[in-house]
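Participant: here's my sequence, what's the structure:
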Amino acid sequence: MAGKPKLHYSRVRGKMESIRWLLAAAGVEFEEEFIETKEDLEKLRSDGVLLFQQVPMVEIDGMKMVQTRAILSYIAAKYNLYGKDLKERAWIDMYVEGTTDLMGMIMQLAFQPADTKEKHLALIIERATKRYFPVYEKV
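Facilitator: Predicted coordinates:
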């Protein structure tokens with residue numbers, strides 16, 4: 001039996017959060033190796049394990065995978081959570097892309113100037129509750 005997947009990311013939710021959720025949904029225990037310093041990230045880069053010089057990275061089945069969507073697709077397929085046929089996979093991909101869009105808006109909030117944060121947050125809440133959540137509630 002292969003070891004537990006190992007997740008490499010900083011101590012924030014960000015792009016690794018959906019990977020954590022999917023592993024939890026699959027009932028898979030995992031380890032986390034947090035990137036605490038710039039030197040930690042530079043070490044991964046210099047070791048040549050980050051295909052595009054960025055995280056998240058997941059070590060699983062002898063691979064060092066990067067790119068959130070690729071990691072999610074692999075985990076979903078491995079644990080039979082990626083639909084039974086091409087149509088189901090297409091629907092799953094649409095839900096994933098919607099979540100990616102919403103997460104992008106949320107992640108941008110931290111970089112908004114103080115005078116526009118409240119307005120940006122209101123937009124996120126409005127879109128989440130009227131555009132995204134109803135779709136997920138329906139399925």
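Participant: only C-alpha atoms from now on, for both contacts and neighbour counts.
Facilitator: Will do.
Participant: for the protein, just list every one of the strands.
Facilitator: For the chain, applying DSSP state E gives strands covering 6-9, 31-34, 57-60, 63-66.
Participant: now for this protein, the helix or strand with the poorest mean pLDDT.
Facilitator: Taking mean pLDDT, DSSP states H and E as the measure, helix 86-109 is the helix or strand of the chain with the lowest mean score, a mean of 91.
Participant: and that one, what's buried?
Facilitator: By neighbour count, with 16 or more other C-alpha atoms under 10 Å as the criterion, the buried positions of helix 86-109 are 89, 92, 95-96, 98-100, 102-103, 105-106, 109.
Participant: now the strands of the chain in TSV, with mean neighbour count and distance to K138?
Facilitator: Below are those laid out as TSV (neighbours: other C-alpha atoms under 10 Å; distance: least, C-alpha to C-alpha, whole Å):
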stretch	mean neighbour count	distance to K138
strand 6-9	20	32
strand 31-34	14	33
strand 57-60	21	31
strand 63-66	17	31
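Participant: export the ones you listed as a markdown table, with columns for distance to A122 and mean pLDDT.
Facilitator: As requested, those are exported to a markdown table (distance: least, C-alpha to C-alpha, whole Å; pLDDT from 0 to 100):
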| stretch | distance to A122 | mean pLDDT |
| --- | --- | --- |
| strand 6-9 | 29 | 97 |
| strand 31-34 | 32 | 96 |
| strand 57-60 | 32 | 98 |
| strand 63-66 | 32 | 97 |
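Participant: which strands and helices sit next to the least confident helix or strand of the chain?
Facilitator: Counting contacts by 3 or more C-alpha pairs under 8 Å, 6 or more residues apart in numbering; DSSP states H and E, helix 86-109 is packed against helix 114-127.
Participant: and if we set it to 10 Å?
Facilitator: Applying 3 or more C-alpha pairs under 10 Å, 6 or more residues apart in numbering; DSSP states H and E, one finds that helix 86-109 makes contact with helix 17-25, helix 68-78, helix 114-127, helix 133-138.
Participant: could I get these as a markdown table with distance to S46 and mean pLDDT?
Facilitator: Supplementary listing: the helices and strands packed on helix 86-109 in a markdown table, determined by distance: least, C-alpha to C-alpha, whole Å; pLDDT from 0 to 100:
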| stretch | distance to S46 | mean pLDDT |
| --- | --- | --- |
| helix 17-25 | 24 | 93 |
| helix 68-78 | 21 | 95 |
| helix 114-127 | 36 | 94 |
| helix 133-138 | 41 | 93 |
